[in-house]
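Participant: Kindly generate the corresponding structure for this input.
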Amino acid sequence: MRRRDKIVKVQRRTTLRRRVPKGVHNSRSSAESEDKKIAQLTRERDEALEQQTASSEVLKIISRSTFDLQAVLNTLVKSAAHLCEAEMASMNRKFGETYQQVSSHGFSPDFEKYMLEHAVDLERGTAVARAIKEKKPVQISDVLDDPNFKLRDVAQLGGVRSVAAVPILKEDDLIGVIAVYRHRVRPFTARQIDLLQTFAAQAVIAIENTRLLSELRQRTDDLTESLERQTATLEILKAISNSQGNLQPVFDVMLDNALSICDAKFGMLMLYRPGDGSFLTQVMVGAPSTLVEALLLKPFVPPLGNPLDRMRNTKKTVNVIDAAAEKTKPLSAKLAGAHSHISVPMLKGDELIGAISIYRTEVYPFTNKQIELVQNFAAQAVIAIENARLLNDLNKLNQQLEQRVADQVSEIERMGRLRRFLPPQVADLIVASGAEKQLESHRREITALFCDLRGFTGFSESSEPEDVMALLRDYHAAIGQIIIKYSGTLERYAGDGVMVVFNDPVPVENPTLQAVLMALEMRNAIGALTESWRRWGHDIGFGIGIAHGFATLGTIGFEGRFDYAAIGTVSNVASRLCDEAEPGQILISPRVLTKVENAVAVEPVGEFVLKGIRRPLAAYNVLSDRTVN
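Facilitator: I've put the predicted structure just below:
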């Protein structure tokens with residue numbers, strides 16, 4: 001029946017249903033109703049035509065885009081948004097156990113970024129999540145008014161109000177979801193939901209076509225690879241010539257080619273150890289982890305009657321039709337499901353060097369040509385092994401020379417490492433002894449000295465970095481030479497703070513006096529510098545704290561950057577006394593005083609409550625050296 005006749009009949013039925021009571025004339029109302037019906041049918045016709053056109057375009061793209069699945073999905077999503085009168089649309093595909101967005105239309109950059117970075121959360125109550133769970137179309141009229149919707153902040157980010165989602169099903173297998181979104185509250189019609197389902201069906205066609213075409217291309221690639229068998233030997237010879245004695249890449253290339261050309265699932269290359277009759281697997285390709293863990297780089301003695309045992313005894317290729325039928329079932333069958341396989345001996349004359357074994361996980365015997373090819377690879381493997389042996393023999397003299405050079409370099413590096421925190425004479429002593437036992441963790445009685453600059457923090461905050469660095473260079477240069485002169489061990493320095501210990505790692509005669517005398521010379525040296533700094537407008541002073549006691553000492557750090565550290569209360573006391581020292585003061589603890597009171601003049605400065613020290617500590621300021629006339 002023609003559409004015009006259909007329209008006329010609809011008009012007549014409408015007229016009959018809405019006929020006015022007898023005696024009432026309502027011709028204008030009847031005419032208006034007929035006009036509305038005609039307009040409605042016209043809109044439906046136009047919508048149907050537009051949908052058919054869109055579907056036709058999508059199918060054309062599917063047929064033209066042989067491997068460009070993304071182009072098809074993008075067209076589907078864009079068409080869905082347009083025909084469903086939605087500002088936005090998207091598609092998610094299943095990858096493993098998650099659903100990731102693969103295409104979108106109309107998303108803002110921020111919304112797009114969020115959707116790409118977050119897989120679908122099935123517990124958040126979104127339309128997409130519900131469509132996945134229920135495997136049927138889902139519509140949310142207003143996400144902000146839905147009590148089960150738990151991503152309102154994301155919805156506001158994308159301006160989403162009304163949303164509809166339809167699952168993409170291949171039979172009963174869920175492979176994705178297509179969804180459309182509106183910025184305002186306006187539910188989607190049943191016709192629009194049907195249209196979304198049509199697009200979902202077309203997505204299944206596109207995805208399935210791509211999968212089938214990919215499989216076809218893979219088969220074509222396999223045929224191409226089989227035609228390239230003659231180049232495999234050339235590749236292996238090239239690997240041997242470039243190996244420089246390193247057999248691993250040669251074995252890798254060899255086994256890769258054997259598996260590819262012979263259409264095998266996995267394989268291994270083993271070296272034979274005649275001493276105990278075992279094999280040591282060097283390379284495994286394609287094998288499951290259970291077999292790798294059982295055999296790789298572990299000596300393996302094949303059981304009697306096992307195919308590998310037969311190959312070892314006969315030194316001939318063993319061709320196994322089905323390993324599962326063997327009386328002595330090999331590990332490859334037990335752990336990796338191997339069925340058909342071959343074990344080819346690697347022979348140097350009559351001497352067994354190793355074996356190449358390749359496996360299939362189905363009963364599918366290897367052809368004679370394939371066996372001959374693997375035998376050729378085995379012969380080349382023996383050549384590579386012999387070349388490597390000769391090259392290694394040739395390199396032994398060079399290696400000995402290199403070792404001597406390495407030892408010398410190591411000694412130089414060792415010296416440099418020691419000189420970073422020890423006086424040169426101490427470093428020389430340790431190097432000369434041939435051991436660094438003195439640097440291992442140990443406990444010893446030491447004298448610790450801590451010094452720093454007063455007012456340095458304020459100076460560094462108000463000065464140019466270049467001026468700060470210049471001042472530190474002058475400061476470190478002045479005290480560095482004095483530390484070396486008095487055989488102190490530089491434990492650490494950080495900015496203007498410096499810690500020096502005496503009597504370790506090399507014992508020092510009267511370490512406490514050495515520390516105090518060094519402090520006096522430091523004060524004099526820095527005093528001259530502070531005068532020049534003051535002329536430049538920098539109000540900087542110098543303070544020192546000295547303590548004596550037991551500490552645990554040794555190297556700390558990591559390879560390439562070791563330091564020498566003293567851990568204990570004595571280090572803390574020296575640091576705290578330094579903090580209390582006024583500019584120009586050298587504060588010493590009572591234990592230090594008892595050891596130097598006859599050699600220096602001091603004055604008491606009272607007791608201090610020091611952080612980390614339980615009792616107040618009396619301190620004394622060193623005034624001068626009594627031994628100097």
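
Participant: Got the phi and psi for the closest residue to Glu580 other than its chain neighbours?
Facilitator: Spatial nearest neighbour of Glu580, chain neighbours left out: Phe608 (5.1 Å); criterion: Cβ to Cβ, 6 or more residues apart in numbering. Quick note: C-beta positions are derived from backbone N, CA and C, even for glycine. The phi/psi pair for Phe608 (degrees, to the nearest 10) reads phi -130, psi 140.

Participant: can you pull the contacts of Phe608?
Facilitator: By Cβ atoms under 8 Å, 6 or more residues apart in numbering, the contact list for Phe608 reads 576-577, 580, 616-617, 619.

Participant: Buried ones among the residues you listed?
Facilitator: 576-577, 580, 617, 619 (16 or more other Cβ atoms under 10 Å).

Participant: Can you list which of these are found in helices?
Facilitator: Using DSSP state H, 576-577, 580 are the members of the buried ones among the contacts of Phe608 that sit in helices.

Participant: so which helix or strand takes in Gln282?
Facilitator: Assigned by DSSP states H and E, Gln282 belongs to strand 278-285.

Participant: Which other helices and strands does that strand contact?
Facilitator: Contacts defined by 3 or more Cβ pairs under 8 Å, 6 or more residues apart in numbering; DSSP states H and E place strand 278-285 against helix 247-262, strand 266-273, helix 289-295, strand 299-300, strand 351-359.

Participant: how about these in a markdown table, adding mean neighbour count?
Facilitator: Formatted as a markdown table, those follow (neighbours: other Cβ atoms under 10 Å):
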| stretch | mean neighbour count |
| --- | --- |
| helix 247-262 | 21 |
| strand 266-273 | 22 |
| helix 289-295 | 16 |
| strand 299-300 | 14 |
| strand 351-359 | 23 |
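
Participant: can you put these in a markdown table and add mean pLDDT?
Facilitator: Converted to a markdown table, the helices and strands packed on strand 278-285 look like this (pLDDT from 0 to 100):
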| stretch | mean pLDDT |
| --- | --- |
| helix 247-262 | 87 |
| strand 266-273 | 94 |
| helix 289-295 | 92 |
| strand 299-300 | 90 |
| strand 351-359 | 94 |
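
Participant: and of the ones you listed, who's closest to Ala206?
Facilitator: Ala206 sits nearest to helix 247-262 of all those, at 31.1 Å, using Cβ to Cβ.

Participant: Nearest residue to the middle of this protein?
Facilitator: For the chain, Glu117 is the residue whose C-alpha lies nearest the centre (Cα atoms, centre = their mean; 17.6 Å).

Participant: List phi and psi for Arg454.
Facilitator: The phi/psi pair for Arg454 (degrees, to the nearest 10) reads phi -80, psi 140.

Participant: Surely His442 and Leu553 touch.
Facilitator: Yes - using Cβ atoms under 8 Å, His442 is in contact with Leu553, at 6.1 Å.

Participant: just the strands in the stretch 451-600 of the chain please.
Facilitator: 489-494, 497-502, 541-558, 561-567, 586-588, 600-608 (DSSP state E, counting those that start in this stretch).

Participant: Buried deepest among the ones you listed, which one?
Facilitator: Across the strands of the stretch 451-600 of the chain, averaging neighbours per residue (mean count of other Cβ atoms under 10 Å) puts strand 586-588 on top, at a mean of 29.

Participant: Quick one: residues in contact with it.
Facilitator: For strand 586-588, contacts defined as Cβ under 8 Å, 6+ apart pick out 516, 519-520, 523, 543-547, 577-578, 580-581, 596, 602, 605, 619-622.

Participant: roughly how far is stretch 490-508 from the heart of the chain?
Facilitator: Centroid displacement of stretch 490-508 relative to its chain, using Cα atoms, centre = their mean, to the nearest Å, is 40 Å.

Participant: Mean confidence (pLDDT) on it, please.
Facilitator: In this model, stretch 490-508 has an average pLDDT of 85.

Participant: ends of that stretch, how far apart?
Facilitator: 14 Å (Cα to Cα, to the nearest Å).

Participant: And for stretch 99-117?
Facilitator: This stretch, stretch 99-117, spans 11 Å end to end (Cα to Cα).

Participant: mind showing which ranges of the stretch 1-150 of the chain have poor pLDDT?
Facilitator: Along the stretch 1-150 of the chain, the parts satisfying pLDDT under 70 run over 1-32, 34-37, 39-67.

Participant: Would you map the strands across it?
Facilitator: Taking DSSP E, counting those that start in this stretch as the test, the strands found in the stretch 1-150 of the chain are 88-95, 98-105, 138-140.

Participant: of those strands, which approaches Leu73 most closely?
Facilitator: strand 98-105 (4.3 Å).

Participant: What residues sit buried inside the closest one?
Facilitator: For strand 98-105, by 16+ other Cβ under 10 Å, it's 99-105.

Participant: repeat for stretch 450-467
Facilitator: 450-456, 459-460, 463.

Participant: related to what we said a few turns ago, of all the strands of the stretch 451-600 of the chain, which lies closest to Ala324?
Facilitator: Closest approach to Ala324 among these is made by strand 541-558 (53.2 Å; Cβ to Cβ).

Participant: got CSV for the helices and strands packed on strand 278-285, with distance to Gly488 too?
Facilitator: Shown next, in CSV, are the helices and strands packed on strand 278-285 (distance: least, Cβ to Cβ, whole Å):
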stretch, distance to Gly488
helix 247-262, 52
strand 266-273, 58
helix 289-295, 56
strand 299-300, 56
strand 351-359, 62
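
Participant: Of all the ones you listed, which one comes closest to Leu196?
Facilitator: Going by Cβ to Cβ, the one of the helices and strands packed on strand 278-285 nearest Leu196 is helix 289-295, 43.5 Å.

Participant: helix or strand for Val622, which one?
Facilitator: Val622 belongs to strand 617-625 when elements are defined using DSSP H and E.

Participant: Now do that strand: which elements does it pack against?
Facilitator: Using 3+ Cβ pairs under 8 Å, 6+ apart: strand 617-625 touches helix 511-535, helix 569-580, strand 586-588, helix 590-596, strand 600-608.

Participant: Could you check the angle the last one makes with helix 511-535?
Facilitator: Using axes from the mean of the first three to the mean of the last three Cα atoms, to 10 degrees, the direction of strand 600-608 lies 80 degrees away from that of helix 511-535.
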